[in-house]
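*Asks:* here is my input; please provide its structure:
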Amino acid sequence: MKLIPRLLIQTVIGLPILGAFIFVPAGTLDYWQGWTFLVVFTVSSSLLGLYLAIFDPALLERRIKAGPRAETRPVQKIIMSLAFASMFGLLIFSAFDYRFGWSPVPMWVSILGNLLVVVGLAIDLQVFRENSYAASTIQIMAGQKIISTGLYGLVRHPMYLGALIMVLGMPLALDSYWGLLLVLVNFFVFMLRIFDEEKMLRHELAGYEEYTHQVRYRLVPGVW
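*Replies:* Numbers count the residues shown, from 1 in each chain. The predicted structure follows:
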């Protein structure tokens with residue numbers, strides 16, 4: 001419960017920053033798709049954080065320590081820098097798309113995009129319920145074990161699957177079809193992160209090699 005005020009402060013600080021990445025390139029506040037996405041993302045991510053604050057504060061503490069500076073592996077510092085750049089780049093490009101009307105989407109598609117954002121965050125919540133070791137940084141913690149139940153029986157990195165679904169919904173929510181092209185950039189960054197993460201896990205986490213034979217797909221079932 002002690003982390004709740006910290007979450008509140010982060011939300012208060014982060015909300016106008018996120019809003020700036022949307023409404024400045026959009027060139028207007030008369031952008032219902034931007035407001036809807038801002039509310040949906042903020043409420044969903046805040047509820048996720050509140051759940052962890054109540055039921056798994058240790059995991060939340062590890063999740064808060066995120067970003068390039070928090071990574072201990074040099075290659076992951078670069079990858080996380082690319083991840084942040086591609087994520088915010090997606091927001092900015094989608095807002096520019098709205099501003100200039102390059103590829104407007106129907107209202108129902110925008111609503112679908114917001115639903116994908118919620119589904120992606122809900123998948124991550126389920127991952128956190130199954131795996132209390134799911135830190136934001138690439139590391140092996142004392143006592144860490146292989147998790148192969150639930151979503152981990154479907155793909156080896158379900159947390160990134162949830163993030164990918166969320167990213168897929170973002171441009172649609174913000175009224176942009178062309179923004180889907182930048183989702184490919186995010187997918188490529190996820191691939192880089194997973195390749196390096198699995199390199200470490202194979203060497204440092206007992207039983208991970210056997211787990212890779214049990215669960216074939218890394219990120220997308222039936223694809224990769």
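*Asks:* okay, now the unreliable bits of this protein?
*Replies:* Confidence mapping of the chain against pLDDT under 70 gives the ranges 1, 135-136, 138, 140, 142.
*Asks:* now the strands for it?
*Replies:* Assignment of strands within the chain using DSSP state E yields no ranges at all.
*Asks:* can you give me the helices in the protein?
*Replies:* Counting by DSSP state H, the chain forms helices over residues 3-26, 32-55, 57-64, 74-100, 107-130, 158-173, 180-204, 208-214, given from the N-terminal end onward.
*Asks:* most tightly surrounded among those helices?
*Replies:* Between the helices of the chain, helix 158-173 has the highest mean count of neighbours, a mean of 23, where neighbours are mean count of other Cβ atoms under 10 Å. All C-beta atoms are positioned from the backbone trio N, CA, C, and that covers glycine.
*Asks:* so what's the residue sitting nearest the centre point of the chain closest to, chain neighbours aside?
*Replies:* Within the chain, the residue whose C-alpha comes closest to the C-alpha centroid is A163; the distance, by Cα atoms, centre = their mean, is 3.4 Å. Here the nearest residue to A163 in space, its sequence neighbours aside, is G120; by Cβ to Cβ, 6 or more residues apart in numbering that works out to 6.3 Å.
*Asks:* so that neighbour makes contact with M159?
*Replies:* No. Using Cβ atoms under 8 Å, G120 is not in contact with M159, being 10.0 Å away.
*Asks:* picking up where we left off before, out of the helices of the chain, the one nearest L151 is which?
*Replies:* Taking Cβ to Cβ as the measure, these were each checked against L151, and helix 158-173 came out nearest at 3.7 Å.
*Asks:* the residue nearest to A163 and R99: what is the separation?
*Replies:* 25 Å (Cβ to Cβ, to the nearest Å).
*Asks:* next, give phi and psi for K145.
*Replies:* Here is the backbone geometry of K145 (degrees, to the nearest 10): phi -130, psi 160.
*Asks:* show me what contacts it?
*Replies:* When contacts are counted by Cβ atoms under 8 Å, 6 or more residues apart in numbering, K145 touches Y133, G207.
*Asks:* what's near enough to touch the residue nearest to A70 when sequence neighbours are not counted?
*Replies:* When the adjacent residues along the chain are set aside, A70 lies closest to T137, with 5.0 Å between them (Cβ to Cβ, 6+ apart). Applying Cβ under 8 Å, 6+ apart to T137 gives the contacts R62, K65, A66, A70, E71, T72, Q76.
*Asks:* quick one: which of those is nearest L91?
*Replies:* Nearest to L91, judged by Cβ to Cβ, of these is A66 at 17.5 Å.
*Asks:* next, count neighbours for the closest one.
*Replies:* Other residues near A66 number 14, with proximity taken as other Cβ atoms under 10 Å.
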